[in-house]
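A.B. asks: give me the fold of what follows.
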Amino acid sequence: MNSLQEATEPGQERFERVLSQSAFEGLKAILDRLAADRAVLYARVQAANAYEELLAGLGYRLTLTKQIHVQDAYSRLGRDGGIRAVLPYYDIPSQSSLPTLINFDATLTTTAKSVAFFNNLLGELKRRLNAS
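C.D. replies: Residues are numbered from 1 along each chain as shown. Purely as a prediction, here's the structure:
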């Protein structure tokens, strides 16, 4: 897509295109699980100043833990264990494991390191969306 096409591209389409870039793979995986209505998701991303604020806008509360044992989380997947989805994201450039658990009680469980990472990623997404 050339710069003229990008300049005239509707906001929602631009959002989907930018979010689909490999740099946002982990964030996209989380957001895809949290919001089926893409227009609402786009509006919440535009309005949010931080990752936690975005999650709150989508109806989720953030719960921090020191670490997440992914295999243990998979064993608790389902209503009885309280976990709706396990998203075991690994960021190769930073060599960081950044898992997120989506729980049935409308909370996300993650680590402080993950929150910082996804907060920065949200900032980069917004920067790219607003670039002219």
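A.B. asks: stretch 34-54: which residues count as buried?
C.D. replies: Residues 34-35, 41-45, 48, 51-52, 54 are the ones in stretch 34-54 that count as buried (16 or more other Cβ atoms under 10 Å). The way it works is simple: take the backbone N, C-alpha and C, and place the C-beta from them, glycine included.
A.B. asks: should've said stretch 76-90
C.D. replies: For stretch 76-90, burial by neighbour count (16+ other Cβ under 10 Å) applies to 83-89.
A.B. asks: host element of residue 113?
C.D. replies: Using DSSP states H and E, residue 113 maps to helix 112-130.
A.B. asks: now that helix: average pLDDT?
C.D. replies: Mean per-residue pLDDT for helix 112-130: 96.
A.B. asks: mind listing what's buried in that helix?
C.D. replies: For helix 112-130, a neighbour-count test (16+ other Cβ under 10 Å) marks 113-115, 117-119, 121-122, 125-126, 128-129 as buried.
A.B. asks: isn't residue 113 right next to residue 98, touching?
C.D. replies: Yes: between residue 113 and residue 98 there is a contact under Cβ atoms under 8 Å: 6.7 Å.
A.B. asks: give the contact list for the closest residue to residue 104 other than its chain neighbours.
C.D. replies: Nearest residue to residue 104, sequence neighbours excluded (Cβ to Cβ, 6 or more residues apart in numbering): residue 84, at 5.2 Å. Residue 84 is in contact with 33, 77, 102-104, counting by Cβ atoms under 8 Å, 6 or more residues apart in numbering.
A.B. asks: in helices only, show me these.
C.D. replies: residue 33 (DSSP state H).
A.B. asks: and of the contacts of residue 84, the nearest to residue 66?
C.D. replies: Closest approach between the contacts of residue 84 and residue 66, by Cβ to Cβ: residue 103, at 17.0 Å.
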